[in-house]
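Colleague: Sequence and predicted model, in that order:
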Amino acid sequence: MIGLHVPLSEKEQHPGLKELKGFKERFDAYSFSKKDDGLRPWVLENLKVMEDDLDSDRILVESIKLAGNVILPVYPKAAQAASEVRGK
């Protein structure tokens, strides 16, 4: 069993992953990238591998699935909102 107490309420903002996705969009938009039949698939395949390696949210999800018995904290927003309303 794995037990974690890590705030996971928002998706991770990885600057390297964001930059890679931006490069991929620019590469797709660049007309020269469509002219070389061998280069384009190679670049896109390697970009995908780098994106997968940098996507720690995806890696965490896959690790949780493999572990099978993981306890994660839950912070229900509805309960928090209700307690804030009662406190006012």
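Modeller: Arrived safely, thanks for sending. Residues are numbered from 1 along each chain as shown.
Colleague: any weak-confidence spans in the protein?
Modeller: Residue ranges of the chain with pLDDT under 70: 1-10, 33-34, 74-88.
Colleague: Okay, strands next: where are they in it?
Modeller: With strands called from DSSP state E, the chain shows them at 2-3, 70-71.
Colleague: and the last one, what does it pack onto?
Modeller: Judged by 3 or more Cβ pairs under 8 Å, 6 or more residues apart in numbering; DSSP states H and E, strand 70-71 is in contact with strand 2-3. Heads up, the C-betas are built off the backbone N, CA and C, glycines and all.
Colleague: please redo it, this time with the cut-off set to 10 Å
Modeller: Under the contact definition 3 or more Cβ pairs under 10 Å, 6 or more residues apart in numbering; DSSP states H and E, strand 70-71 sits against strand 2-3, helix 56-67.
Colleague: ok, residue 50 - contacts?
Modeller: Shown in contact with residue 50 (Cβ atoms under 10 Å, 6 or more residues apart in numbering): 16-17, 20, 23-24.
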